[in-house]
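S.K.: What follows is a predicted structure for the sequence shown.
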Amino acid sequence: RKVVFERRAMAGSDASSSASKSVEDAVSGSSQNRQPHLAEPSSRLGDEVVDSVFRSQRVATMSATAARASMVPDLFTSPPHIRDLLNTQSSQIQEETIQECLPFLSGIEPGASYNDYGVPHLERKHHIQFLHKSLKKLPAPYVAADASRPWMFYWALAGLSALGEDISQYREPLISTVRPIQNVTGGFGGGNGQMSHLAPTYGIVLALAIIGGKEALDVIDRRAMWKWLGALKQPDGGFQVSVGGEEDIRGAYCAAVIITLLDLPLELPRDSPAWTNEGATLLTGLAEWIGRCQTFEGGFSGLPDAEAHGAYAFCGLACLCILGDPHVMIPKYIDVPRLISWLSARQYAPEGGFSGRTNKLVDGCYSHWVGGCWPLLEACLEGPSRPSVGESQSQAINLYSREGLIRYILCCCQDRTKRGGLRDKPSHSSDSYHTCYVLAGLSSAQHKWHFNPTETRIETSGNLASSYQWTCEPFVGDGHIYDEEDRVGTLHPVFVIPEGAAEKTRAYFVSKGGF
Ligand code: FPP
Ligand code: K
Ligand code: ZN
């Protein structure tokens with residue numbers, strides 16, 4: 001690999017480079033203690049002397065660990081070249097985060113097993129066990145997460161599916177658990193007796209779609225759902241998340257997912273706050289409303305005129321990709337170059353992962369919220385795929401470092417103890433939310449999606465049929481730094497459920513027809 005050769009050459013010729021330091025640190029295992037940024041001239045000179053005197057000895061005793069570290073490009077083992085010199089709490093915790101991640105990225109964890117690229121394997125068995133456990137009885141402190149139970153069904157089922165695990169054992173318990181959470185006035189709450197909210201409704205609809213089958217899908221009262229969505233639709237085009245609740249871009253995305261998967265009619269109920277005698281629908285003004293969420297930075301905020309955040313970028317882009325074809329809808333409503341600029345600034349080095357917003361820290365869950373934006377944007381720029389997708393990968397547009405993301409995920413986000421699960425960053429505990437979205441990010445980095453209307457799998461004559469026209473293949477090219485055994489399953493780039501599940505759900509409701 002080009003970068004590795006460069007670094008080896010530098011270690012032989014210019015001992016003051018940080019590259020030679022990182023190999024040395026890898027040998028001594030002292031990366032954690034390195035104070036990389038303001039390297040004082042005196043200690044640098046010291047390093048040079050030590051380096052030249054002991055180089056031959058060091059090479060002779062170079063352990064397997066150091067050999068491994070030398071497989072990792074400098075970009076992921078050295079402190080960044082450009083640093084924030086303004087000392088604030090933000091710049092301090094950024095520096096701490098780099099120091100926290102470097103030992104994991106350098107492949108120097110003792111006793112861990114690494115591949116030829118200095119990347120640890122996916123601890124599939126432990127992550128599967130972790131997710132199964134998350135669906136059993138939880139410790140008392142989880143009472144605070146009671147209203148998030150529907151999300152937990154989705155996170156575990158999506159994660160287990162991505163890991164290749166059979167989930168059919170959960171069909172009956174899921175059906176009997178979610179049935180009483182549905183309200184007769186439409187939608188699902190966070191638990192029994194709670195008012196309906198778009199977030200848990202989205203989680204339950206996706207969980208039922210993953211589990212699949214007539215009995216599961218028939219739990220959903222589509223007519224009541226349609227009435228309730230009418231009550232949430234606002235005259236300015238957006239959706240409230242609950243009746244009288246906040247109007248935000250989560251609501252827009254969740255509503256669009258539900259409308260298309262359940263193939264609901266678009267006409268507004270007569271008592272909707274958005275009803276007009278000009279025939280406004282559930283979708284009127286929605287794309288324009290999302291366009292208003294793009295901020296001066298280029299990202300998306302939760303509602304117009306607020307701060308851009310990665311989670312909202314995914315909601316906005318995925319919603320536009322439900323409302324129409326990516327290459328049509330995204331450029332029509334969004335300043336694409338400005339969005340690419342903001343999204344690109346979310347990927348950090350040496351960490352390799354994504355942050356959620358300007359001046360904040362990398363976090364594993366943004367592997368999906370930010371990482372999941374790339375396939376949608378790449379499809380926007382590439383346009384509809386021609387039939388021979390396999391050949392087109394060499395000309396495919398790649399907007400981010402898949403290698404960086406995969407390194408962050410496999411090196412920093414895995415709890416590699418027997419607890420398993422994936423996490424925000426090494427200092428944080430694994431949980432099912434991060435497990436789901438880190439795996440979703442890994443899946444998307446390992447695959448190449450095409451918006452491919454010529455290979456449509458279902459009848460597209462109905463409303464909102466764009467999102468059933470995606471096809472996928474393994475990604476080939478730069479960033480293939482994992483072994484085949486560490487590949488995870490494919491998740492639909494818009495719905496984030498296993499490939500095929502959205503198509504089946506939609507087909508089932510289309511075949512059922514109106515209500
Ligand atoms: C900031 O948290 C996080 C947000 C402002 C939004 C989070 C929203 C989601 C993750 C999902 C929304 C999507 C749906 C479909 C409901 P923080 O300040 O703890 O994190 P940060 O420092 O990384 O910004
Ligand atoms: K965070
Ligand atoms: Zn997170």
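M.R.: Structure's in. What do you need? Ligands and ions are numbered 1, 2, ... in the order given.
S.K.: all contacts plus neighbour counts: C-alpha atoms, from now on.
M.R.: Will do.
S.K.: Surely residue 418 touches residue 126?
M.R.: Yes - with contacts defined as Cα atoms under 8 Å, residue 418 counts as touching residue 126 at a distance of 6.0 Å.
S.K.: Neighbour count: these two, which is higher?
M.R.: Between residue 418 and residue 126, residue 126 has the larger neighbour count (other Cα atoms under 10 Å), namely 19 against 12.
S.K.: so what's the more buried one up against?
M.R.: The contact partners of residue 126, taken as Cα atoms under 8 Å, 6 or more residues apart in numbering, are 416, 418-421.
S.K.: Which element, helix or strand, includes the residue most central in space within the chain?
M.R.: In the chain, the residue lying closest to the centroid (Cα atoms, centre = their mean) is residue 368, at 0.4 Å. According to DSSP states H and E, residue 368 maps onto helix 366-369.
S.K.: near ligand 3, which residues of this protein?
M.R.: 365, 424 (Cα under 5 Å from the ion).
S.K.: now do 6 Å
M.R.: Taking Cα under 6 Å from the ion as the test, the list of the chain residues beside ligand 3 reads 363-365, 424.
S.K.: what distance separates the helix holding residue 368 from the middle of the whole chain?
M.R.: Mean-position distance between helix 366-369 and its chain equals 3 Å (Cα atoms, centre = their mean, to the nearest Å).
S.K.: And the average pLDDT for it is what?
M.R.: The predicted model assigns helix 366-369 a mean pLDDT of 99.
S.K.: likewise stretch 289-303?
M.R.: 98.
S.K.: does any bit of that stretch sit next to ligand 1?
M.R.: No - Stretch 289-303 stays clear of ligand 1 (Cα under 6 Å from any ligand atom), getting no nearer than 7.4 Å.
S.K.: and if you look at stretch 140-156?
M.R.: No - using Cα under 6 Å from any ligand atom, we find that stretch 140-156 stays clear of ligand 1, coming within 9.4 Å at best.
S.K.: Which helix or strand contains the residue in the stretch 51-200 of the chain positioned nearest to ligand 1?
M.R.: Closest to ligand 1 within the stretch 51-200 of the chain is residue 199: 5.3 Å, counting by Cα to the nearest ligand atom. Assigned by DSSP H and E, residue 199 belongs to helix 198-211.
S.K.: In CSV, list the C-alpha atoms belonging to that helix.
M.R.: What follows is helix 198-211, C-alpha atoms only, in CSV (Å, rounded to 0.1, in the frame of the first residue of the first chain):
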residue,chain,number,x,y,z
LEU,A,198,-43.9,8.9,15.3
ALA,A,199,-40.6,7.6,16.7
PRO,A,200,-41.9,4.5,18.4
THR,A,201,-44.4,4.0,15.6
TYR,A,202,-41.5,4.0,13.2
GLY,A,203,-39.6,1.5,15.4
ILE,A,204,-42.5,-0.9,15.6
VAL,A,205,-43.4,-0.7,11.9
LEU,A,206,-39.7,-1.5,11.0
ALA,A,207,-39.5,-4.3,13.6
LEU,A,208,-42.7,-5.9,12.2
ALA,A,209,-41.4,-5.5,8.6
ILE,A,210,-38.1,-7.2,9.6
ILE,A,211,-40.0,-10.1,11.3
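S.K.: Quick check, pLDDT for residue 85.
M.R.: Reported pLDDT for residue 85: 89.
S.K.: check contacts around it.
M.R.: Counted by Cα under 8 Å, 6+ apart, residue 85 has contacts residue 91.
S.K.: Could you report the separation of it from ligand 3?
M.R.: Distance from residue 85 to ligand 3, counting by Cα to the ion, to the nearest Å: 26 Å.
S.K.: where does that residue land in three-state SS?
M.R.: In terms of secondary structure, residue 85 is coil; the call rests on DSSP: H, G, I helix; E, B strand; the rest coil.
S.K.: Give me every residue in the stretch 101-250 of the chain lying close to ligand 1.
M.R.: 199, 250.
S.K.: can you give me the strands in the stretch 101-250 of the chain?
M.R.: With DSSP state E, counting those that start in this stretch as the criterion, the stretch 101-250 of the chain has no strands.
S.K.: Indicate the residue of it located nearest to ligand 1.
M.R.: residue 250 (4.7 Å).
S.K.: That residue reaches residue 302, doesn't it?
M.R.: Yes - Residue 250 lies in contact with residue 302 (Cα under 8 Å); the separation is 7.2 Å.
S.K.: dump the residue contacts of residue 379.
M.R.: Neighbours of residue 379 in contact, by Cα under 8 Å, 6+ apart: 326-327, 449-451.
S.K.: from those, which is closest to ligand 1?
M.R.: residue 326 (18.7 Å).
S.K.: The nearest residue to the closest one once chain neighbours are set aside: neighbouring residues, count only.
M.R.: Counting by Cα to Cα, 6 or more residues apart in numbering, residue 326 lies nearest to residue 380, which is 4.8 Å off, once chain neighbours are set aside. Neighbourhood size, residue 380 [other Cα under 10 Å]: 21.
S.K.: Is ligand 1 within reach of the helix or strand that contains residue 380?
M.R.: Per DSSP H and E, residue 380 falls inside helix 373-382. No - Helix 373-382 stays clear of ligand 1 (Cα under 6 Å from any ligand atom), getting no nearer than 12.8 Å.
S.K.: How far off centre is that helix?
M.R.: Average the C-alpha atoms of helix 373-382, do the same for its chain, and the two points are 14 Å apart (Cα atoms, centre = their mean).
S.K.: returning to what we had before: what does the helix holding residue 368 rub up against?
M.R.: By Cα under 8 Å, 6+ apart, the list of residues contacting helix 366-369 reads 310-314, 353-356, 405, 409, 437-438, 440-442.
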